[in-house]
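> Output the structure for:
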Amino acid sequence: MHIDTLKSLALDALEELKARDITQLDVSSLTEVTDLMLIASGTSTRHVAALAQNVVEKAKAAGLAPRGVEGGDNADWVLVDLGDIVVHVMLPEARTLYDLERLWADLPSDGFKADESFEQFEERASMS
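Model prediction:
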């Protein structure tokens with residue numbers, strides 16, 4: 001599935017159940033794990049679970065089996081891994097605590113390379 005179609009599917013699923021403060025982070029230059037992260041807030045643990053479940057159901061209806069779901073009922077944070085997109089649904093308190101937006105924004109775009117030592121990475125980062 002094309003990433004724009006997948007993003008629309010996930011956003012529609014979140015908006016359908018009134019997710020709050022939806023943020024998109026393009027992390028394609030920062031990690032090979034995923035290209036885009038969607039972060040949204042729910043108003044209660046039940047709302048967080050329902051939002052994540054709606055994303056899973058919409059993905060399955062489109063013929064895409066999520067790679068994984070972490071968290072669940074009574075969780076303050078549920079992660080839905082759709083491959084090219086990872087969806088984080090969180091209570092506002094958890095979102096503030098973990099501050100994923102800042103965490104990913106603060107990473108250098110030319111992050112640690114697999115073939116260099118940590119000392120080489122630190123030296124290169126200090127020159128930036």
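
> what's in contact with the top helix by length along the chain?
For the chain, the helix that runs over the most residues, judged by DSSP state H, is helix 45-61. When contacts are defined by C-beta atoms under 8 Å, 6 or more residues apart in numbering, helix 45-61 is touched by residues 6, 9-10, 12-14, 16-17, 19, 40, 42, 65-66, 69, 71-80, 82, 87, 89-91. To be clear about C-beta, it is placed using only N, CA and C from the backbone, and glycine gets the same treatment.

> go on, stretch 89-104?
14, 19-21, 23, 25, 27, 30, 37, 39-42, 44-45, 48, 51-52, 55, 76-80, 88.

> Which among those residues count as buried?
14, 19, 25, 27, 30, 37, 39-42, 45, 48, 51-52, 55, 76-80, 88 (16 or more other C-beta atoms under 10 Å).

> Would you check that L64 makes contact with H2?
No: contact criterion C-beta atoms under 8 Å: L64 and H2 do not qualify, at 11.3 Å.

> In terms of neighbours, single out the busier of these two.
L64 (16 against 8; other C-beta atoms under 10 Å).

> secondary structure class for the more buried one?
coil (DSSP: H, G, I helix; E, B strand; the rest coil).

> From E101, how far off is it?
26 Å (C-beta to C-beta, to the nearest Å).

> Now do the buried residues in stretch 84-98.
Residues of stretch 84-98 classed as buried: 85-91, 94-95 (neighbour count, 16+ other C-beta under 10 Å).

> Just the CA coordinates for that stretch, please, in CSV.
Taking Å, rounded to 0.1, in the frame of the first residue of the first chain, the C-alpha atoms of stretch 84-98 are listed here in CSV:
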residue,chain,number,x,y,z
ASP,A,84,5.9,2.4,6.8
ILE,A,85,3.8,4.2,9.5
VAL,A,86,3.8,3.7,13.2
VAL,A,87,0.8,5.1,15.1
HIS,A,88,1.2,6.2,18.8
VAL,A,89,-2.1,6.8,20.7
MET,A,90,-1.5,8.2,24.1
LEU,A,91,-3.1,9.9,27.1
PRO,A,92,-2.0,13.6,27.3
GLU,A,93,0.0,12.8,30.5
ALA,A,94,2.0,10.0,28.8
ARG,A,95,2.5,12.2,25.7
THR,A,96,3.9,15.0,27.8
LEU,A,97,6.1,12.6,29.8
TYR,A,98,7.6,10.9,26.8
